[in-house]
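Chemist: predicted model and sequence below, questions to follow.
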Amino acid sequence: MVVCNVYKLFKDGKNYTKQGKVIKRNNLALTRDYVEEKNNNWTNVGLWHEIDEDATVHFYEERELRRKEKKAAAKVSGHLNEVLVDVIKKGANIESIEIESEDVTELEDLKKQYKEKFDKKPFHSWVVAKLKEKLA
């Protein structure tokens, strides 16, 4: 990858010339092969890709910095997940967690009643109290 500025070349009669040019795009990251291919055909296309070596070096430095930051963030995130799992395992008694089956069946019954009454499904986020309010 290289960072380059793309210039639109002016015509001098029938041919394009590098003497007159205006910037079309700047700080564009492209592959070196693509840039070289386009520059080989500049007389027909009327575009010139000028490689900025300093910007290319800076591009790679920034990319490496972002890669390191992502790697560090993933490491912290993984460690945090391990800590949270340990806390949950040690602090929560799984057997003590119960789901009230009466609430679930009541919610299902109210959803059926709503569908029969209004001929459409209720919003999935509605709770028992909201459904009772709508049916009243």
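Modeler: Yes, it's here. Numbering: from 1, shown residues only.

Chemist: low-confidence ranges in this structure?
Modeler: Across the chain, the ranges flagged by pLDDT under 70 are 91-104.

Chemist: all helices for it, in order.
Modeler: 32-40, 42-45, 53-91, 101-118, 128-135 (DSSP state H).

Chemist: so for Phe10, which of those sits nearest?
Modeler: Closest to Phe10 of those is helix 42-45 (C-beta to C-beta; 12.3 Å). Backbone N, C-alpha and C define where each C-beta goes, glycine included.

Chemist: domains for the chain, by residue range?
Modeler: By the assignment in automatic domain parsing, the chain contains the domains 2-51, 101-135.

Chemist: ranking the ones you listed by burial, who's on top?
Modeler: Ranked by mean neighbour count under mean count of other C-beta atoms under 10 Å, the domains of the chain are led by domain 2-51, which reaches a mean of 14.

Chemist: how far does it sit from the chain's center?
Modeler: What separates the centre of domain 2-51 from the centre of its chain is 31 Å, taken as C-alpha atoms, centre = their mean, to the nearest Å.

Chemist: do stretch 61-72 as well
Modeler: Distance, centroid of stretch 61-72 to centroid of chain: 17 Å (C-alpha atoms, centre = their mean).

Chemist: next, the distance between the ends of stretch 88-107.
Modeler: Stretch 88-107 has an end-to-end distance of 29 Å (C-alpha to C-alpha, to the nearest Å).

Chemist: so for Asp86, which of the domains of the chain sits nearest?
Modeler: Closest to Asp86 of those, according to C-beta to C-beta: domain 101-135, at 30.7 Å.

Chemist: kindly list the main-chain dihedrals of Thr31?
Modeler: Dihedral angles of Thr31 (phi, psi; degrees, to the nearest 10) stand at phi -70, psi 150.
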